[in-house]
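1. build me a structure from this.
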Amino acid sequence: MDSHEGDEYFLIAFNERPQVLLDGTHDGTSVVDRLSIAEPHGATALYDACYLGVEKLTTSSYAKHALLLISDGEDNNSRYMLDQVRKLLRESDVTVYSIGIADLINLTGKAGAPPGGLGRNRRNDWRPSFLSIEWCRNGRDIRANRY
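-> Sure, this is the predicted structure:
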């Protein structure tokens with residue numbers, strides 16, 4: 001993976017609870033390697049993972065902080081509430097990007113709602129949002145949708 005020299009990465013996996021898999025590494029390839037073997041399962045502690053990620057990033061000595069959240073479902077198992085995560089984000093300098101991994105059935109609403117994430121609205125206030133990246137069943141078509 002190409003990255004800037006000196007970039008620092010943290011990798012946090014989450015289902016029922018967040019777990020730090022990589023802590024302050026400069027090796028972007030190791031992040032990609034760990035992500036490639038990730039298997040979604042269980043409950044989703046999305047807000048807890050976001051909270052932990054922001055805490056990790058704010059301890060970094062770098063000026064820019066970005067958090068990428070990738071989830072296959074809406075939060076349903078966090079001890080932190082959305083308002084607490086919003087407050088932490090307002091007080092930090094962390095930019096959050098979210099990607100929801102969902103199949104076409106979930107996106108049509110027939111088997112459930114699309115997973116939620118966090119993003120800034122036009123007033124620069126944190127709110128739930130969702131960006132879906134769809135891999136169609138044939139594996140060739142990719143679409144991005146913002147909800």
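2. flag the shaky bits of the chain, pLDDT-wise.
-> Applying pLDDT under 70 to the chain flags the ranges 1-2, 102-147.
3. what comes up buried for the longest helix seen in it?
-> Longest helix of the chain, by residue count under DSSP state H: helix 46-58. For helix 46-58, the neighbour count (16 or more other CB atoms under 10 Å) marks 46, 47, 48, 49, 50, 51, 52, 53, 54, 56, 57 as buried. C-betas here are computed from N, CA, C, even on glycine.
4. alpha carbons of it, as PDB, please.
-> Output of helix 46-58 as PDB, limited to C-alpha atoms (Å, rounded to 0.1, in the frame of the first residue of the first chain):
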ATOM      1  CA  LEU A  46     -20.000   1.000  16.200                       C
ATOM      2  CA  TYR A  47     -20.200   4.000  18.600                       C
ATOM      3  CA  ASP A  48     -17.800   2.300  21.000                       C
ATOM      4  CA  ALA A  49     -15.300   1.700  18.200                       C
ATOM      5  CA  CYS A  50     -15.600   5.300  17.000                       C
ATOM      6  CA  TYR A  51     -15.100   6.600  20.500                       C
ATOM      7  CA  LEU A  52     -12.000   4.400  21.000                       C
ATOM      8  CA  GLY A  53     -10.700   5.500  17.500                       C
ATOM      9  CA  VAL A  54     -11.000   9.200  18.300                       C
ATOM     10  CA  GLU A  55      -9.300   8.700  21.700                       C
ATOM     11  CA  LYS A  56      -6.400   6.800  19.900                       C
ATOM     12  CA  LEU A  57      -6.100   9.500  17.200                       C
ATOM     13  CA  THR A  58      -6.000  12.400  19.700                       C
END
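5. I'd like the next helix or strand past that helix.
-> Downstream of helix 46-58, the first helix or strand assigned by DSSP states H and E is strand 65-71.
6. what comes into contact with that following strand?
-> Contacts to strand 65-71, defined as CB atoms under 8 Å, 6 or more residues apart in numbering, come from residues 14, 35, 44, 46, 49-50, 53-54, 57-58, 92-101, 115, 117-118.
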